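# starting from these lines, generate the structure:
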Amino acid sequence: MELLFGYLGFLAKTATVVIAILIILSAVAAAAAQRGMRGPPIGHIQVLRINELLQDMWRAIEDAGLPPAAAKKRRKREAKARKKQQPDEARRRVFVLNFEGDVAASGVDSLRREISAVLGTAKDEDEVVVRVDSAGGMVPGYGLGASQLARVRSKGVKLTVAVDKIAASGGYMMAAVADRVLAAPFAVLGSIGVVAQIPNVHRLLKRHDVDVEVLTAGRYKRTLDILGENTDEGREKLRDELHDIHALFQEFIGTYRPALDLEEVSTGEAWFGQRALDRSLVDELVTSDEYLASACEEADIFEVSWVQPKKPIERLFGQATLAMGKLIDKVVDRTMGGLR
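Here you go, the predicted structure:
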């Protein structure tokens with residue numbers, strides 16, 4: 001019991017310290033705002049040349065098998081050769097973008113900037129490769145993401161989407177826009193379907209004599225509700241809306257992949273690599289790493305990403321939270337070890 005009281009006392013002290021730190025940080029932020037801090041910092045495009053990255057890794061492996069003197073001599077010889085080497089103007093370029101999706105498709109904000117930057121310099125012989133990793137989410141966000149990828153095709157630039165893990169639902173909507181869809185052997189693709197899930201606590205509130213008034217203007221302003229009593233008419237209306245969105249989803253996929261049997265693949269199911277290939281959801285089974293490493297032989301590969309720097313106060317909050325979290329974890333581990 002003494003250990004338990006000691007543990008609770010420590011938690012109270014820790015909470016006091018955390019609150020004090022947050023108050024200080026808030027004061028710093030308020031003071032900075034009063035001094036007229038500028039708005040959010042503008043991000044920038046970051047470009048990484050994949051050819052050089054891969055060559056550096058290969059050289060490191062080769063150097064590991066040589067005596068130090070021989071490895072140093074070889075590096076100097078190759079450096080001189082690279083200086084004398086003339087750039088090949090005929091080589092095409094491959095621009096690599098990465099999209100990691102969440103429910104709201106928040107990554108679209110960076111993707112749209114990256115595509116704008118690439119299309120400002122891309123030529124007809126170039127290629128854009130987008131590595132998509134997403135299980136889908138909200139319709140407007142992923143619809144916008146697919147529309148951003150459609151800009152590449154409208155510009156006449158070859159668009160390839162590579163799926164190493166998953167491109168389902170909204171993620172597959174984006175992938176389907178590509179001229180060519182690549183997938184790793186055990187990547188998951190498909191899930192061409194629509195779902196809506198709404199909890200309802202009306203009966204619980206009713207049991208405790210809690211009334212909820214929901215006022216609307218417009219017959220279908222609110223179909224299903226979390227707090228109020230839902231009706232069969234509202235359920236049917238929402239079901240009709242879902243069917244309409246599903247039909248739009250199918251029409252969109254069919255526009256870019258006309259060879260698909262939409263009746264077969266629009267059931268909401270998803271398939272792994274070879275099964276997805278058998279159903280024409282993808283065009284080739286290959287990882288993005290293998291595809292890009294092979295392209296390095298005849299093209300210049302550039303990984304393009306939009307970097308949005310954090311404001312100083314955001315970095316400060318992040319560092320303080322991380323430090324406090326580590327401190328609490330250490331002390332809790334010790335205390336709980338004693339209690340056990």
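# kindly list the main-chain dihedrals of the most centrally placed residue in the chain?
The geometric centre of the chain, computed from its C-alpha atoms, lies nearest to residue 100 (C-alpha atoms, centre = their mean), at 1.6 Å. For residue 100, the backbone dihedrals (degrees, to the nearest 10) come out as phi -110, psi 120.
# thought residue 285 was touching residue 183?
Yes: Residue 285 lies in contact with residue 183 (C-beta atoms under 8 Å); the separation is 5.9 Å. Bear in mind the C-beta positions are built from the backbone N, C-alpha and C, glycine included.
# looking at these two, which is more packed in?
residue 183 (30 against 15; other C-beta atoms under 10 Å).
# correct me if wrong: that one contacts residue 282.
Yes: Residue 183 lies in contact with residue 282 (C-beta under 8 Å); the separation is 4.3 Å.
# list residues touching both of the two?
163, 189, 273, 276 (C-beta atoms under 8 Å, 6 or more residues apart in numbering).
# show the buried residues in these.
Listed as buried from the shared contacts of residue 183 and residue 282 are 163, 189, 273, 276; burial here means 16 or more other C-beta atoms under 10 Å.
# isn't the last one up against residue 190?
Spelled out, that is residue 276. Yes: Residue 276 lies in contact with residue 190 (C-beta under 8 Å); the separation is 6.4 Å.
# show me where the stretch 101-250 of the chain has strands.
Counting by DSSP state E, counting those that start in this stretch, the stretch 101-250 of the chain has these strands, from start to end: 127-133, 158-163, 166-168, 180-183, 188-190.
# so how far is residue 101 from residue 148?
Distance, residue 148 to residue 101, using C-beta to C-beta, to the nearest Å: 13 Å.
# wait, doesn't residue 184 sit right on residue 273?
Yes: applying C-beta under 8 Å as the test, residue 184 and residue 273 come out as touching, 6.4 Å apart.
# intersection of neighbour lists for these two?
Common contacts of residue 184 and residue 273, defined by C-beta under 8 Å, 6+ apart, comprise residue 285.
# please enumerate the helices of the protein.
With helices called from DSSP state H, the chain shows them at 2-34, 50-64, 68-84, 108-119, 139-154, 170-175, 202-207, 232-256, 262-265, 273-278, 288-295, 312-339.
# least reliable of the ones you listed going by mean pLDDT?
Among those, helix 312-339 carries the lowest mean pLDDT, at a mean of 57.
# thinking again about what came up before, give me the common contacts of residue 285 and residue 183.
With C-beta under 8 Å, 6+ apart, residue 285 and residue 183 have common neighbours 273, 277.
# count the residues that sit near the closest residue to residue 63 other than its chain neighbours.
Nearest non-adjacent residue to residue 63, counting by C-beta to C-beta, 6 or more residues apart in numbering: residue 71, 3.9 Å away. Using other C-beta under 10 Å, the number of residues around residue 71 comes to 16.
# against residue 276, how distant is residue 238?
For residue 238, the distance to residue 276 - C-beta to C-beta - is 30 Å.
# wait, doesn't residue 165 sit right on residue 189?
No: using C-beta under 8 Å, residue 165 is not in contact with residue 189, being 10.2 Å away.
# show me what residue 128 is bridged to.
In this structure, residue 128 bridges to residue 95, residue 159 when assessed by DSSP bridges.
# what sits against it?
Residues near residue 128 by C-beta under 8 Å, 6+ apart: 94, 95, 97, 115, 118, 122, 152, 157, 158, 159, 160.
# and the third one, how far from residue 278?
For residue 97, the distance to residue 278 under the criterion C-beta to C-beta works out to 28 Å.
# more crowded one of these two?
Taking other C-beta under 10 Å, residue 97 and residue 278 do not tie; residue 97 has more neighbours (24 against 10).
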